[in-house]
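# no sequence on hand, only this structure:
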């Protein structure tokens with residue numbers, strides 16, 4: 001069944017998801033400026049990232065799964081914003097959707113589940129950096145209460161050019 005017709009379940013990420021999550025992420029590494037990673041990862045290289053997102057706590061990993069095929073359609077995470085202790089009540093959030101599953105509400109489902117899971121945590125703010133241009137991501141973040149706070153101009157170089165990153169924040 002095509003992703004637009006499939007029922008979707010959102011659940012915590014698991015180690016068995018590692019290959020599919022790596023495949024989704026590597027699409028964005030290879031084909032887009034959405035992430036500033038420039039070299040695709042192997043699943044083993046991504047394992048520490050996956051293990052840093054347990055089922056509970058501040059740093060979560062939620063995956064969207066087509067219930068008929070069990071295919072992973074995307075994922076959302078909350079991660080440490082910065083390493084210094086005073087940033088402990090801030091997280092950076094992100095969503096990645098399989099390239100053929102976009103524009104079907106998967107990102108919305110993922111963020112709804114992620115923010116519901118974080119509601120009882122000791123968190124103050126969520127931040128999201130969006131490589132420009134990316135109107136779809138800006139709309140998604142604004143729908144969840146993020147507000148634009150500024151742009152880092154030409155902060156990353158990928159594909160032989162510089163990219164801006166717009167920053168958004170949300171009260172938690």
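Nice, I can see it. What you see is a predicted model; the values in this text were computed from it and never measured. Residues are numbered from 1 along each chain as shown.

# so what's the backbone phi/psi at the residue lying closest to residue 12 once chain neighbours are set aside?
The spatially closest residue to residue 12, leaving aside those adjacent along the chain, is residue 55, at 4.4 Å (C-beta to C-beta, 6 or more residues apart in numbering). Every residue, glycine included, has its C-beta placed from N, CA and C. The phi/psi pair for residue 55 (degrees, to the nearest 10) reads phi -70, psi -20.

# thought residue 11 was touching residue 55, still the case?
No: assessed by C-beta atoms under 8 Å, residue 55 is found out of contact with residue 11, at 9.4 Å.

# give the contact list for residue 159.
residue 33 (C-beta atoms under 8 Å, 6 or more residues apart in numbering).

# try 10 Å
31-33, 38 (C-beta atoms under 10 Å, 6 or more residues apart in numbering).

# buried subset of these?
The neighbour-count test (16 or more other C-beta atoms under 10 Å) marks residue 33 as buried among the contacts of residue 159.

# same list (the contacts of residue 159) but as a markdown table, adding distance to residue 154.
Conversion of those to a markdown table gives the following (distance: C-beta to C-beta, whole Å):
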| residue | distance to residue 154 |
| --- | --- |
| 31 | 21 |
| 32 | 17 |
| 33 | 12 |
| 38 | 16 |
